[in-house]
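Visitor: What would the 3D arrangement of this be:
(one chain, ligands or ions: 3)
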Amino acid sequence: MSDIREKALQYHSEPVPGKISIELTKPAETVNDLALAYSPGVAEPVREIAADPNNAYKYTAKGNMVAVISNGTAILGLGNLGPLASKPVMEGKALLFKRFAGLDSIDIEVKHRTTEDFINTVENIADTFGGINLEDIKAPECFEIEKALIERCSVPVFHDDQHGTAIVTAAGMLNALEIQGKKLKDALIVCLGAGAAAIACMELLIKCGAQREHIYMLDRKGVIHTRRDDLNEYKMLFANNTDKRTLQDVIEEADVFVGVSGPDLLAPEDLKLMADKPVVFACSNPDPEIKPEVANAARNDLIMATGRSDYPNQVNNVLCFPFIFRGALDVRATAINDEMKIAAVNAIRAIAKEPVPEEVLSASGESSLEFGKDYIIPKPMDPRLLPRVARAVAEAAVASGVAQIEMPENYML
Ligand SMILES: NC(=O)C1=CN([C@@H]2O[C@H](COP(=O)(O)OP(=O)(O)OC[C@H]3O[C@@H](n4cnc5c(N)ncnc54)[C@H](OP(=O)(O)O)[C@@H]3O)[C@@H](O)[C@H]2O)C=CC1
Ligand SMILES: CC(=O)C(=O)O
Ligand SMILES: [Mg+2]
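Guide: Ligands and ions are numbered 1, 2, ... in the order given. Now for the predicted structure:
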């Protein structure tokens, strides 16, 4: 067994299987405790909630609880391996919610026959939670699922692979282009992948200033162009009127490569065709579109990021989802809208430009980190992410009218 395989399997199996458990927040030792926790005392909050559903926030764990829900159809870049196989990733997301934002989270893996079955299942359990984080659901079904659930649920529903990835990609990209002396509005962009992450990343980059006609998107069949007759409505939005057909055709003189597709799909020869000072985000997990050591051997003027923790510049939705849900739940936002997403982009990118705390250096095994080629975006364990991103998101929710309560006094200060 390889070193990482052996260590990972041991980590997941010992001392107890899995990565999460449930803890009690109230005493449950005596007859009196049980008379409050269960029968007869529990009837009182039941009556309160039946009279006003908002009382669930007062008397249950709902307001601090996020469901991580998947059907296992796009588990990282490993593909459609089914709901049960996605459980380690979903437990992992729950671990990250708790570790980074103090949010309780439970993973739910759903078997279903039709897309409508999945939507109904989630809709029917949504009120139990403060928010729903959809995860690793493949395109194009993920778009229909998220849209239907946003319409039908009163708690925020957020497909992390779309919007969490897009927020972190936009934050990292704006910083990387700034370091390379380029502007997003001028950048020629190649996006390998045309699924959940790709469509959302490109849409958010456009909202941040990129030009749609400067983007070439590719799927398994090559460049997405107007003469193809096999495009779904989401890919159609990125169809270029062009004669270019292959990755090699479009990557020539490109400023930016975003990979949200699969492993080892960008060859060093392709990378050499890019413009001076390119930005390469090879974000497929666990294996990127090009390994940093291969990319850096091919040219030395690039900024390189991956989705992994073991290389510099981790562009991964972990930098977003714990904090955006924290902010959303703390003002009881009914949705996570564009204003909240852009607030998260700006808050994340600003932190990378400030001196790095000692504890982050120590947790990263680095003696120094400074805004530049190898440090375009904060590390996930940076303690400034929680207060800064959550506050920015909560303020944006209040300002944009989706918060159901006011900003808590001195929130995250
Ligand atoms: N770093 C991060 O934070 C994140 C990274 N990702 C990574 O992005 C990747 C995609 O995830 P997601 O969008 O959720 O999955 P989807 O299944 O929704 O989309 C996958 C897309 O990749 C395309 N693709 C797959 N293989 C190839 C190939 N050989 N050549 C060109 N295109 C290819 C598919 O093409 P087609 O449409 O033709 O099938 C599809 O458009 C995964 O590797 C995942 O790990 C995702 C989310 C977050
Ligand atoms: C990071 C993540 O969510 C993914 O690769 O799917
Ligand atoms: Mg994912």
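
Visitor: Help me confirm that Ala35 comes into contact with Ala43.
Guide: No. Applying C-beta atoms under 8 Å, one finds Ala35 not in contact with Ala43, separated by 10.9 Å. Every C-beta, even on glycine, is put in place using the N, C-alpha and C of the backbone.

Visitor: What residues does the residue of the stretch 201-350 of the chain found nearest ligand 3 make contact with?
Guide: Nearest residue of the stretch 201-350 of the chain to ligand 3 (C-beta to the ion) works out as Asn317 at 6.7 Å. Contact analysis of Asn317 by C-beta atoms under 8 Å, 6 or more residues apart in numbering lists Asp160, Asp161, Gly164, Thr165, Ile167, Val168.

Visitor: Leaving out the residues flanking it, which one is nearest to it?
Guide: Gly164 (3.1 Å; C-beta to C-beta, 6 or more residues apart in numbering).

Visitor: can you tell me how far the one you found sits from Glu354?
Guide: Gly164 sits 22 Å away from Glu354, taking C-beta to C-beta, to the nearest Å as the criterion.

Visitor: who's more crowded, those two?
Guide: More crowded of Gly164 and Glu354, by other C-beta atoms under 10 Å: Gly164, with 29 against 12.

Visitor: just checking, that one is part of a strand?
Guide: No. Gly164 is assigned helix when assessed by DSSP: H, G, I helix; E, B strand; the rest coil, not a strand.

Visitor: What residues does Phe325 make contact with?
Guide: So Phe325 contacts Val66, Phe97, Ala101, Leu103, Gly130, Gly131, Asn133, Pro156, Phe158 (C-beta under 8 Å, 6+ apart).

Visitor: from those, which ones fall inside helices?
Guide: Phe97, Ala101 (DSSP state H).

Visitor: Return the subset of the contacts of Phe325 lying in strands.
Guide: With DSSP state E as the criterion, strands contain Val66, Gly131, Asn133, Phe158 from among the contacts of Phe325.

Visitor: Enumerate every residue touching the third one.
Guide: Neighbour list for Asn133: Val66, Ala67, Val68, Ile69, Lys93, Phe97, Ser105, Phe158, Asp160, Phe321, Phe325 [criterion: C-beta under 8 Å, 6+ apart].

Visitor: go again using 6 Å as the cut-off
Guide: Val66, Val68, Phe158, Asp160 (C-beta atoms under 6 Å, 6 or more residues apart in numbering).

Visitor: which residues does it bridge with?
Guide: Val68, Phe158 (DSSP bridges).

Visitor: Tell me the pLDDT of it.
Guide: For Asn133, the pLDDT comes out at 99.

Visitor: same check, this time on the first one
Guide: Val66 is assigned a predicted lDDT (pLDDT) of 98.

Visitor: Surely it touches Ser105?
Guide: Yes. Counting by C-beta atoms under 6 Å, Val66 touches Ser105, with 4.6 Å between them.

Visitor: who touches both of the two?
Guide: Phe97.

Visitor: Nearest to ligand 1: which residue in the stretch 251-400 of the chain?
Guide: Gly307 (2.8 Å; C-beta to the nearest ligand atom).

Visitor: In contact with the residue nearest to Asn317, which residues are there?
Guide: By C-beta under 6 Å, 6+ apart, the neighbours of Gly164 are Asn317, Cys320, Phe321.

Visitor: for Met381, same thing?
Guide: Ala363.

Visitor: try 10 Å
Guide: Residues near Met381 by C-beta atoms under 10 Å, 6 or more residues apart in numbering: Arg99, Phe100, Ser309, Val318, Pro357, Glu359, Val360, Ser362, Ala363, Ser364.

Visitor: Over to Ile137?
Guide: Ile137 touches 69-75, 86, 110, 115, 118, 143, 145-146, 159-162, 196, counting by C-beta under 10 Å, 6+ apart.

Visitor: try Ile108
Guide: By C-beta under 10 Å, 6+ apart, the neighbours of Ile108 are 67-71, 83, 87, 90, 121-122, 125, 128-129, 132, 135.

Visitor: Pick out whichever of the residues you listed sits closest to ligand 1.
Guide: Glu135 (8.9 Å).

Visitor: Give me the pLDDT value at whichever residue of the chain sits closest to ligand 2.
Guide: The chain approaches ligand 2 most closely through Asn285 (3.6 Å), counting by C-beta to the nearest ligand atom. Per-residue confidence at Asn285 stands at 96 (pLDDT).

Visitor: For my notes, confirm it occurs in a helix.
Guide: No. Residue state for Asn285 (three-state DSSP) corresponds to coil; a helix is not indicated.

Visitor: circling back to that earlier point, going by distance to Arg5, which of the ones in strands among the contacts of Phe325 wins?
Guide: Asn133 (27.5 Å; C-beta to C-beta).

Visitor: who in the stretch 251-400 of the chain is up against ligand 2?
Guide: Proximity of the stretch 251-400 of the chain to ligand 2, by C-beta under 6 Å from any ligand atom, involves residues Asn285, Gly307, Asn316, Asn317.

Visitor: got a list of what Ile377 touches?
Guide: Neighbours of Ile377 in contact, by C-beta under 10 Å, 6+ apart: 168-169, 171-176, 305, 312-316, 319, 348-349, 351-352, 371.

Visitor: Out of the residues you listed, which sit inside strands?
Guide: Counting by DSSP E, these contribute Ala305 to strands.

Visitor: Can you report how many residues lie near Glu366?
Guide: 14.

Visitor: That one against Lys379, yeah?
Guide: Yes. Contact criterion C-beta atoms under 10 Å: Glu366 and Lys379 qualify, at 8.8 Å.

Visitor: Find residues that contact each of those two.
Guide: Common neighbours of Glu366 and Lys379 (C-beta under 10 Å, 6+ apart) are Pro312, Val356, Val360.

Visitor: Sketch out the helices for the stretch 301-413 of the chain, chain order is fine.
Guide: Secondary structure of the stretch 301-413 of the chain (DSSP state H, counting those that start in this stretch): helices at 321-330, 338-351, 358-364, 385-399.

Visitor: Just name whatever secondary elements the shortest one is in contact with.
Guide: This points to helix 358-364. For helix 358-364, there is no helix or strand it packs on, judged by 3 or more C-beta pairs under 10 Å, 6 or more residues apart in numbering; DSSP states H and E.
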